[in-house]
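1. Compute the structure for the input listed below.
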Amino acid sequence: MVLTDAQNKIVAKATKKDVNGWHYLTVQGDPYEIGFQHGYLLTDEFRDAIRVYTHMTLELYGMDYSFFVEQAVKMHKDKIPEEYLEEMQGMADGFTANGFETSVDDIIGWNDWMELTGYWWPQVAANYSNNPPQGPRGSHCSGFVATGSATKDGKPVIAHESFDDFWSGQYFNVCEEIHPTNGHAFKMQTVPGYLDSMTDFYVTDAGLGITETTIAGFVGYDVNGIPEFIRARKATQYANNIDQWVKLVNEGNNGGYANIWLLCNINTGEIARYEQGLKHQELLESTDGFYYGCNACHNPRIRNLECVDNGYNDTRQQTGARRARFEELLPEVSGTIDDGVAKKILADKYDPYLGYQCASSRNICAHYDVDPQYYADDPHGVWNVPFFPGGSCDGKCADATDIQNLNMWGIFGRADGEPFDAKDFMKQHPEWNWQKGYLYDRPSQPWTLFD
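-> You can find the predicted model right below:
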């Protein structure tokens, strides 16, 4: 389609650069303009993501992708603020203008997919399935935040890496800087067509760094609440400090995408860990030391009352193993943590259960795809099958100077830089051939500064 003069003026305000496996976008303007710029510049990537997710949703859940879109619209459309509906309409119009017809309802369903499949579906699946899931699939992410005596310069450092099925994580390669008409400018890792980060790594011009790891085994969902992708985006765009961010992300909390949030404020030197269940929450704040996330919830009420097996003390499970490693590693490097050390922590492949360096599912930089899972004892962990094509998908970090300049570092692919060859993997493990055509290579890439 040929753009109108008005649409050309909107797109001219944005930029896109492809670098080291990433799509680096800068967008600006009112909500509709921001959405249109994002959609128009990422149409090809979004089209392919929908193709893959449509196939994989049926394979994994036995339900059509369109089923979850319909449920998302029915449950959440009337709970989305007008500002974000306008931005999502802009995305839909941007995709459509570039040749992939999309509606605002499609965008709502896409943004809600992770929450609905992982948190709502386990609550209702018994109505459709003889074998309903008990909680979210797998466990996502390693992360930490440090400040004061723990860091090299005494100022905050924040770092994170996403874990996911590789077919899904192959789309976590957008770094987007947003300059909205209202609220704070911010930069985030995100996915084509997403309103928020979802992988959850943000830096904002309020001086905040924000990340999270999900709470493993979490069970609970309030259909009358506001979806997490709206709450996280609003908090990031409008919060001036950590306490405001926590307040905003908890308004309308529905238990969706329940997280262990890690935050820092470079203006005060503060760091925080906010564990957000549906019924229980805990906020810890400090100006010295570190907090980490490994999907194992620390708060005993959330862990025992709102979760099935969390793996908290079990080093055979990847939650307990990473918790043991963080407890050992962070004190060892305390006083030296900067961007360089953060990158090494995210790349760590020490296996606490085996007691030596070994690529496995139990690493901070998880390698499920090479793990025969001899030692797994997690009845709820659908990832705990031999040679599962998932684990570390990326790495991100930022120190106080980065955040001050609205910069961040990112590596696409595993945080340790090791490549993944899909064809070779399926040749070695033909049980996964059903993902052929949907699972892509991720070659080794360098760390990239997004400035």
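
2. When you work out contacts or count neighbours from here on, use the C-alpha atoms and nothing else.
-> Will do.

3. Extract the residue ranges of the stretch 301-450 of the chain that are flagged as low pLDDT.
-> Along the stretch 301-450 of the chain, the model assigns pLDDT under 70 to residues 377-381.

4. And the helices in it?
-> For the stretch 301-450 of the chain, the helices defined by DSSP state H, counting those that start in this stretch cover 318-333, 339-346, 400-404, 422-428.

5. which strands and helices sit next to the second one?
-> Read it as helix 339-346. Packing partners of helix 339-346 (3 or more C-alpha pairs under 8 Å, 6 or more residues apart in numbering; DSSP states H and E): strand 157-161, strand 394-399.

6. got these as CSV, with distance to Thr336 columns?
-> Formatted as CSV, the helices and strands packed on helix 339-346 follow (distance: least, C-alpha to C-alpha, whole Å):
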stretch, distance to Thr336
strand 157-161, 11
strand 394-399, 12
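
7. out of these, deepest packed?
-> Most buried of these, by mean neighbour count (mean count of other C-alpha atoms under 10 Å): strand 157-161, with a mean of 33.

8. Each with direction, which strands does that one pair with?
-> Paired with strand 157-161 in the same sheet, following DSSP bridges, are strand 142-147 (antiparallel), strand 394-399 (antiparallel).

9. Which one of these lies nearest to Gly39?
-> strand 394-399 (22.9 Å; C-alpha to C-alpha).

10. Not counting its own residues, what contacts the closest one?
-> The contact list for strand 394-399 (C-alpha atoms under 8 Å, 6 or more residues apart in numbering) reads 155-163, 172, 201, 209, 338-339, 342-343, 346, 407-415.

11. Please put the alpha-carbon coordinates of the longest helix along the chain into CSV.
-> Counting residues, the longest helix found in the chain (DSSP state H) is helix 43-61. Only the C-alpha atoms of helix 43-61 are listed here, as CSV (Å, rounded to 0.1, in the frame of the first residue of the first chain):
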residue,chain,number,x,y,z
THR,A,43,5.5,-5.7,9.9
ASP,A,44,7.6,-8.6,8.4
GLU,A,45,8.7,-9.6,11.9
PHE,A,46,5.2,-9.5,13.3
ARG,A,47,3.7,-11.4,10.3
ASP,A,48,6.2,-14.3,10.9
ALA,A,49,5.7,-14.3,14.7
ILE,A,50,1.9,-14.7,14.2
ARG,A,51,2.5,-17.5,11.8
VAL,A,52,4.7,-19.4,14.3
TYR,A,53,2.6,-18.7,17.3
THR,A,54,-0.6,-19.8,15.5
HIS,A,55,1.0,-23.2,14.8
MET,A,56,2.7,-23.6,18.2
THR,A,57,-0.4,-22.6,20.2
LEU,A,58,-2.3,-25.5,18.7
GLU,A,59,0.6,-27.9,19.2
LEU,A,60,1.1,-26.9,22.8
TYR,A,61,-2.4,-26.3,24.1
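
12. After it, which helix or strand is next?
-> Downstream of helix 43-61, the next assigned helix or strand under DSSP states H and E is helix 65-76.

13. packing partners for the following helix or strand past that following helix?
-> Once the chain leaves helix 65-76, the next helix or strand it forms, by DSSP H and E, is helix 82-97. Applying 3+ C-alpha pairs under 8 Å, 6+ apart, one finds that helix 82-97 contacts helix 31-41, helix 104-115.

14. how about low-confidence regions in the stretch 101-250 of the chain?
-> In the stretch 101-250 of the chain, residues with pLDDT under 70: 134-139.

15. now the helices for it?
-> Applying DSSP H, counting those that start in this stretch to the stretch 101-250 of the chain gives helices spanning 104-115, 121-124, 166-169, 228-238, 242-250.

16. Centre of the chain to the longest one, how far?
-> Remark: helix 104-115 is offset 15 Å from the chain centroid, using C-alpha atoms, centre = their mean, to the nearest Å.

17. Over to stretch 28-45?
-> Relative to the centre of its chain, stretch 28-45 is centred 20 Å away, using C-alpha atoms, centre = their mean.

18. for stretch 336-344, same thing?
-> Centroid displacement of stretch 336-344 relative to its chain, using C-alpha atoms, centre = their mean, is 21 Å.

19. Contacts for it, please.
-> Contacts of stretch 336-344 (C-alpha under 8 Å, 6+ apart): 146, 150-153, 157-159, 333, 395-399, 415-416.
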